[in-house]
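A.B. asks: could you look at this predicted model? Sequence included:
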Amino acid sequence: MAELEYDYVIVGGGSAGCALANRLSADPANKVLVLEAGRTDWKWDVFIHMPAALAYPIGSRFYDWKYESEPEPYMNGRRVYHARGKVLGGSSSINGMIFQRGNPADYQKWTEQPGMEDWGYAHCLPYFKKMENCLAGGDDWRGDDGPLTLERGPATNPLFEAWLEAGPQAGFRRTDDVNGYRQEGFAAFDKNLHRGRRLSAARAYLHPVLDRPNLDVITRATADKLLMEGNKCVGVQYRRNFRKHTVRAKEVISCGGAFNSPQLLQLSGIGDRSHLESVGVDCVVDLPGVGENMQDHLEVYIQYACKEPVSMQPHLAKWRAPWIGFQWLFFRKGPAATNHFEAGAFVKSNPSEPYPNLMFHFLPIAIRYDGSAPTKGHGYQVHVGPMYSDSKGTVKITSKNPRKKPAVVFNYLSTEQDRREWIEAVRTARRILTQPAFDKFNDGEISPGSSVETEQEIMDWVARDSETALHPSCTCKMGTDDMAVVDPKTMRVHGTEGLRVVDASVLPVVTNGNLYAPTMMIAEKAADLILGNDPLPADDAEYFLPS
């Protein structure tokens, strides 16, 4: 049987892969294939498309690849669970649907990396605007006709109102739009959902163009390795239905994310020579940065009991489920039609910080990501964590077997800066949640509770109770220094031909927020670089810079 041949093979139908599939196949002359290891995102699957059902896919073998770290050396040897989407759309099909670009200063920080001068905020802003359909309205900073529809707030629950009032009472400010002129402050948040349904990358970018004759998508197709002829990538070997297949391509683009892109490169002989040889893989291209520089956001839940019956807790009652489901199925309304992360804040943990280093997500209920609740009564919480941890981790294969997950170590809490910011983060959250705006609701702190007060007690609790915010990144970073993996002008893997990486792994430095928006922006710009188009002209819209 003759091998299939394509112009572009995209390995990974997640956030970046879906956006690239749309843009690269827009030219009928380009034959494009997407290989996705997960299954399709069936339209009738309520656990994917119902926003409030986001706790169900996480931890389920049907939706989640269920990664976990190696024993973390600074967290008492604890393994930290990492959900990754096992379905078309990748993690955008199971995430919290929170849309955050990051601070403009993050992208200026990128330009300080060798070779990254064309990735400043002015260069990235046109691509953010291109992908957005911001229902709150387009302006100098926001787009209003892109494929990714964004709803804001509405944050009308009394607990949200208390949160937004408590910020200024604690000495912080309000802002109109955390993705606009000024990120710093308290505000309603943007959500990637529309008309009561999750709007994943697959639904926004891929499904509208699946009828293109030059675009093919194969699900349940797991890439085993790249086909290399010397340093030139000419295709992919993958498994489907327990059988091996090969496909040839002029270009292969890895969009597997911060875990799977470095894994695929290492399995194919691209990485640090000594590490590859230690696991029996012949080195094709000695590239020591592959799998290094891993960055992530860790978070904790600060939870309070609520005096008044205004939280979302009653909607968890099983007897309410039929009515809530009916409202959502037939009217796309009710408690199931929102992710409930409708407001939050970006603030500084201390006045000496140049710009916000803490992100808060507020929820009008006390509950964990897995759906477990610390109390049967009413409650509320904030998710908080430092955004610029200088702890760095690694992703490394441990054998030639592509079915064996790589070893992932984050080294959370390993630096003095990290530990300082965590103490400041917990104390800042408590200061906000004990402002007068919460007096009529505050019925005492549930977690961590009054037994956690000193610096050591706080750090012990963070090591014991924190969870990842699910933002792994930077393991195939863009740049031109010795540890860079991807050329920022072409997205090609250094030292190779016919091979590119486009996903969250190429971030040189993590941004201060959820990573879906930056990843999609990178994919939009990468599409122009891959197609040889002139990049969109830099947008010099002003943005807030701290004095």
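C.D. replies: Sure, I can see it.

A.B. asks: where do the helices sit along the stretch 401-547 of the chain?
C.D. replies: 416-433, 455-465, 516-531 (DSSP state H, counting those that start in this stretch).

A.B. asks: contacts for the shortest one, please.
C.D. replies: Counting by Cβ atoms under 8 Å, 6 or more residues apart in numbering, the neighbours of helix 455-465 from elsewhere in the structure are 74-76, 78, 298, 300-301, 413, 419, 422-423, 426-427, 447-448, 451-452. In this view, the C-beta of every residue, glycine as well, is placed from N, C-alpha and C.

A.B. asks: swap in 6 Å and give it another go.
C.D. replies: The contact list for helix 455-465 (Cβ atoms under 6 Å, 6 or more residues apart in numbering) reads 75-76, 300, 419, 422-423, 426, 448, 452.

A.B. asks: list only buried entries from those residues.
C.D. replies: Among the contacts of helix 455-465, those classed as buried by 16 or more other Cβ atoms under 10 Å are 75, 300, 419, 422-423, 426, 448, 452.

A.B. asks: which of these lies closest to Ser261?
C.D. replies: Nearest to Ser261 among the buried ones among the contacts of helix 455-465: Met75, at 25.4 Å, using Cβ to Cβ.

A.B. asks: for stretch 46-61, give the mean pLDDT please.
C.D. replies: In this model, stretch 46-61 carries a mean pLDDT of 92.

A.B. asks: nope, stretch 187-206 is what I meant
C.D. replies: Stretch 187-206 comes out at a mean pLDDT of 96.

A.B. asks: end to end, how far does that stretch reach?
C.D. replies: 31 Å (Cα to Cα, to the nearest Å).

A.B. asks: relative to the whole chain's centre, how far out is that stretch?
C.D. replies: 14 Å (Cα atoms, centre = their mean, to the nearest Å).

A.B. asks: mind listing residues that contact that stretch?
C.D. replies: In contact with stretch 187-206 (Cβ under 6 Å, 6+ apart) are residues 15, 18-19, 21-22, 41, 49, 51, 88-89, 92-93, 97, 99, 147-153, 155, 175, 178, 332, 337, 339, 343-344.

A.B. asks: would you map the helices across the stretch 201-350 of the chain?
C.D. replies: Using DSSP H, counting those that start in this stretch, helices in the stretch 201-350 of the chain cover 201, 257-267, 273-278, 321-331.

A.B. asks: can you tell me which of these is most buried?
C.D. replies: helix 201 (a mean of 33; mean count of other Cβ atoms under 10 Å).

A.B. asks: winner for burial among the helices of the stretch 401-547 of the chain?
C.D. replies: helix 516-531 (a mean of 24).

A.B. asks: chain center to that one, what's the gap?
C.D. replies: 14 Å.

A.B. asks: Pro309: neighbour count?
C.D. replies: 9 (other Cβ atoms under 10 Å).

A.B. asks: please apply the same query to Pro71.
C.D. replies: So Pro71, with other Cβ under 10 Å, has 12 neighbours.

A.B. asks: from Arg464, how far out is the spatially closest residue to it that is not a sequence neighbour?
C.D. replies: Distances taken as Cβ to Cβ, 6 or more residues apart in numbering put Gly77 closest to Pro71, at 4.0 Å, once the chain neighbours are dropped. As judged by Cβ to Cβ, to the nearest Å, Gly77 and Arg464 stand 12 Å apart.

A.B. asks: biggest strand in the protein, by residue count?
C.D. replies: Scanning the chain for the longest strand, with DSSP state E as the assignment, gives strand 243-254.

A.B. asks: what does that strand contact?
C.D. replies: 3-11, 233-238, 261, 264, 498-502.

A.B. asks: returning to that earlier point: which one among the contacts of helix 455-465 gets closest to Pro104?
C.D. replies: Trp422 (25.2 Å).

A.B. asks: circling back to that earlier point, need the helices of the stretch 201-350 of the chain in TSV with distance to Ala407, can you?
C.D. replies: Below are these laid out as TSV (distance: least, Cβ to Cβ, whole Å):
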stretch	distance to Ala407
helix 201	28
helix 257-267	10
helix 273-278	11
helix 321-331	40
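
A.B. asks: wait, which of those is closest to Tyr388?
C.D. replies: Of all these, it is helix 257-267 that lies closest to Tyr388, at 17.0 Å by Cβ to Cβ.

A.B. asks: please state the offset of that closest one from the chain centre?
C.D. replies: 17 Å.

A.B. asks: please apply the same query to stretch 68-81.
C.D. replies: 20 Å.

A.B. asks: return that stretch as PDB; C-alpha atoms alone will do.
C.D. replies: Taking C-alpha atoms only, stretch 68-81 is exported to PDB below (Å, rounded to 0.1, in the frame of the first residue of the first chain):
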ATOM      1  CA  GLU A  68       1.600  13.100  36.900                       C
ATOM      2  CA  SER A  69       5.000  14.400  37.800                       C
ATOM      3  CA  GLU A  70       7.800  12.400  39.300                       C
ATOM      4  CA  PRO A  71       8.200  12.800  43.100                       C
ATOM      5  CA  GLU A  72       8.700  16.500  43.500                       C
ATOM      6  CA  PRO A  73      11.900  17.000  45.600                       C
ATOM      7  CA  TYR A  74      10.700  20.200  47.300                       C
ATOM      8  CA  MET A  75       7.100  18.900  48.000                       C
ATOM      9  CA  ASN A  76       8.000  16.000  50.200                       C
ATOM     10  CA  GLY A  77       8.300  13.600  47.300                       C
ATOM     11  CA  ARG A  78       4.600  14.200  46.300                       C
ATOM     12  CA  ARG A  79       3.500  13.500  42.700                       C
ATOM     13  CA  VAL A  80       1.500  16.400  41.200                       C
ATOM     14  CA  TYR A  81      -1.400  15.300  38.900                       C
END
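
A.B. asks: who touches the most centrally placed residue in the chain in this structure?
C.D. replies: Residue closest to the average C-alpha location in the chain (Cα atoms, centre = their mean): Leu515, at 3.5 Å. Leu515 sits next to 471, 473, 504 when contact means Cβ under 6 Å, 6+ apart.

A.B. asks: burial measure for the first one, as a count.
C.D. replies: Look at His471: counted by other Cβ under 10 Å, it has 26 neighbours.

A.B. asks: can you check the second one too?
C.D. replies: Around Ser473 sit 25 other residues, with neighbours defined as other Cβ under 10 Å.

A.B. asks: so how far is Ala258 from it?
C.D. replies: For Ser473, the distance to Ala258 - Cβ to Cβ - is 5 Å.

A.B. asks: and the last one, by the same measure?
C.D. replies: Between Ala504 and Ala258 the computed distance is 5 Å (Cβ to Cβ).

A.B. asks: shared neighbours, those two?
C.D. replies: Ser473.

A.B. asks: give me the number of residues near Thr222?
C.D. replies: Counted with other Cβ under 10 Å, the neighbours of Thr222 add up to 15.

A.B. asks: please apply the same query to Lys489.
C.D. replies: So Lys489, with other Cβ under 10 Å, has 15 neighbours.

A.B. asks: could you dump the buried ones among the contacts of helix 455-465 to JSON lines with distance to Gly115?
C.D. replies: Below are the buried ones among the contacts of helix 455-465 laid out as JSON lines (distance: Cβ to Cβ, whole Å):
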{"residue": "Met75", "distance to Gly115": "34"}
{"residue": "Val300", "distance to Gly115": "36"}
{"residue": "Arg419", "distance to Gly115": "32"}
{"residue": "Trp422", "distance to Gly115": "33"}
{"residue": "Ile423", "distance to Gly115": "36"}
{"residue": "Val426", "distance to Gly115": "38"}
{"residue": "Pro448", "distance to Gly115": "43"}
{"residue": "Val452", "distance to Gly115": "44"}
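
A.B. asks: which of the residues you listed lies closest to Tyr56?
C.D. replies: Nearest to Tyr56 among these, counting by Cβ to Cβ, is Val300 at 22.5 Å.
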